[in-house]
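**Q** I'll drop the sequence and a predicted model, then ask my questions.
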Amino acid sequence: MQNGWVMILIYVALFAVLYFVLIRPNSKKKKAEQEMRNNIAIGDDVTTIGGIVGRIVAIKEDEDAFIIETGSDRVKMKFKKWAISSVDTVKETAQTTQKSKLEQLQEAREAKRKAKEEAKAAKEEAKNNK
């Protein structure tokens, strides 16, 4: 009787581990990909699962498809939404660049402030040693 309960507990624990290690992260990833595909807009740069890179010029909601323009000769191709691998929106790129510049500026200001404090402390220490 006791062995039966132990085996059931082991199976339940094994299923729980598999769920949290394999199933749940995979479903979260699929949900994020679907959200990305639903939020595409005209002007976004996309990469398809086949490796084709282009800019979205039209979205066909009724067909669940989009048209991208690629290359220097501006060839237009039609793809299904499920073929999108990644999206690089112009807004995200600009915000990331602006954010990193702001972070660099703040880091530089902080480093300058610390250097001033250290120089001030060194002067005071030199004064106290005399």
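**A** Everything's here; your move.
**Q** for the chain, what's the longest strand?
**A** strand 53-60 (DSSP state E).
**Q** Return the alpha-carbon coordinates of it using CSV.
**A** Once non-C-alpha atoms are left out, strand 53-60 reads as follows in CSV (Å, rounded to 0.1, in the frame of the first residue of the first chain):
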residue,chain,number,x,y,z
VAL,A,53,14.9,40.8,-44.9
GLY,A,54,12.6,43.7,-46.0
ARG,A,55,10.3,46.5,-45.0
ILE,A,56,6.5,45.9,-44.6
VAL,A,57,4.6,48.0,-47.2
ALA,A,58,1.1,46.5,-46.8
ILE,A,59,-0.8,44.2,-44.5
LYS,A,60,-3.6,42.0,-45.7
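**Q** what does it rub up against?
**A** With contact meaning CB atoms under 8 Å, 6 or more residues apart in numbering, strand 53-60 is reached by 40-47, 65-71, 76-78. Heads up, the C-betas are built off the backbone N, CA and C, glycines and all.
**Q** Any of those residues buried? List them.
**A** The neighbour-count test (16 or more other CB atoms under 10 Å) applied to those identifies 40, 44, 45, 46, 47, 66, 67, 68, 70 as buried.
**Q** Take the residues you listed and lay them out in a markdown table including secondary structure and pLDDT.
**A** Converted to a markdown table, these look like this (DSSP: H, G, I helix; E, B strand; the rest coil; pLDDT from 0 to 100):
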| residue | secondary structure | pLDDT |
| --- | --- | --- |
| 40 | coil | 88 |
| 44 | coil | 89 |
| 45 | strand | 91 |
| 46 | strand | 92 |
| 47 | strand | 92 |
| 66 | strand | 92 |
| 67 | strand | 94 |
| 68 | strand | 94 |
| 70 | strand | 91 |
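**Q** Good, we can wrap up now.
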